[in-house]
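Asker: take this sequence and fold it.
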Amino acid sequence: MSNVLVTGGAGFVGYHFSKKILDNNFSTIILDNLDDYYDIELKLKRLSLLGIDTSEIKYGKEQKSKMYKNLVFVRGDICDKELVENLFSKNNLDYVVHMAARSGARNSFSNPLEYIKNNVEGTTNILEIANRYNVKHFLFTSSSSVYGNMEENKDISELKPISLYGATKLSAEIIAETYAKSKKLPITISRLFSVYGPLGRPDGFIFKCIESIKNEISIELFNNGEMWRDFIYVKDVSEILFRILLSIPERGFKVYDVGSGKATKITEVLQILEEILGKKSIVKNISGSKNESIITKAHKELIYQNVNLEKVSDLKANLKDFLQTQKVY
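Answerer: Model (predicted):
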């Protein structure tokens, strides 16, 4: 049985990915600081669905799951060198999946030092310790925010983030690549695009659209709705990341875009949701944010190919599945 450390495993993608590897019999340690960037109760709910008794959570305490015998949860900070070192020394870790981060492009300039601490210093700490313990593969989930404003013909090597969040993720990518090439630590970077699905973050666009339509309240559309996103379902993200984890890069370093390769106008998403829910939305058009890209779209050259991309890009079918699955929670 392979041993995996998942940082940020109480987060949206972290939860779904952790469940994926647990169901495939990987021995898993989740490390998460349970910060309050959004409602902590949602993170606790995700952990409870993995069998963690959330009433017993204490900083640094290892808690075994009552559902998965191969899962341990630790509340802790990725910047805490002693705690992280202890996890590596006690467990013979084969893989590290580093998802922990201070998220959110729009608000990143409001607290820049917090973003730098978590996304740059924290990532460096995990990389340094993982390197010393010779893990087989280090998978780092980055973000499409590293690209900045994307045009249809933009070169894949052109990385110009327009938010501080994107800048910190790009900084972490550069540091990770340096470890891969100088220290020979096998590393894969996966740049996630607009992920949606059950138990998602409440500030996610699709989640906000669903809530606004259901509750008949207005939804704000930036740039008067003239924005395009590469939406990808969290179930597909988990499957892709799982396959990438097992595909150790031959040359020690690899970069993927984790998206559908299709940019969908946000007003089209709203129309699909109106059709599925049988209700009209109330739209409030507002000017764009300088920290928001007009278009995001995964580069075909960087997309992981060993999946059914036609299914991945079927937004309507995936939205229907999302709404049906969400009822369970």
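
Asker: quick check: next helix or strand after the helix or strand of the chain with the lowest mean pLDDT?
Answerer: Within the chain, judged by mean pLDDT, DSSP states H and E, the helix or strand with the poorest mean is helix 309-312; its value is a mean of 73. Beyond helix 309-312 on the C-terminal side, the first helix or strand identified by DSSP states H and E is helix 315-326.

Asker: buried set for that next one?
Answerer: 315, 318-319, 322 (16 or more other CB atoms under 10 Å). No exception for glycine: its C-beta is placed from N, CA and C like everyone else's.

Asker: make a markdown table out of those and add pLDDT.
Answerer: Compiled in a markdown table, those are given as follows (pLDDT from 0 to 100):
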| residue | pLDDT |
| --- | --- |
| 315 | 94 |
| 318 | 94 |
| 319 | 96 |
| 322 | 95 |
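
Asker: specify which member of these is nearest to residue 60.
Answerer: residue 322 (35.4 Å; CB to CB).

Asker: for the nearest residue to the closest one once chain neighbours are set aside, give its distance to residue 234.
Answerer: Nearest residue to residue 322 in three dimensions, chain neighbours excluded: residue 197, at 5.4 Å (CB to CB, 6 or more residues apart in numbering). Residue 197 sits 3 Å away from residue 234 when distances are taken as CB to CB, to the nearest Å.

Asker: shared neighbours, the two?
Answerer: When contacts are counted by CB atoms under 8 Å, 6 or more residues apart in numbering, residue 197 and residue 234 are jointly contacted by 12, 16.

Asker: who does the longest helix along the chain touch, helix- and strand-wise?
Answerer: Scanning the chain for the helix with the most residues, using DSSP state H, yields helix 164-182. Other elements packing on helix 164-182 under the criterion 3 or more CB pairs under 8 Å, 6 or more residues apart in numbering; DSSP states H and E are helix 112-116, helix 122-132, strand 137-143, strand 187-192, strand 253-258.

Asker: what's the closest of those to residue 64?
Answerer: Proximity of the helices and strands packed on helix 164-182 to residue 64 was assessed by CB to CB; the nearest stretch is helix 122-132, lying at 22.7 Å.

Asker: just the buried residues of the closest one, please?
Answerer: Taking 16+ other CB under 10 Å as the basis for neighbour counts, the residues of helix 122-132 that come out buried are 122-131.

Asker: from these, which is closest to residue 146?
Answerer: Nearest to residue 146 among the buried residues of helix 122-132 is residue 123, at 13.2 Å by CB to CB.

Asker: about what we covered before: tell me which of the buried residues of helix 315-326 is nearest to residue 166?
Answerer: Scanning those for proximity to residue 166, where the rule is CB to CB, the winner is residue 315, at 24.1 Å.
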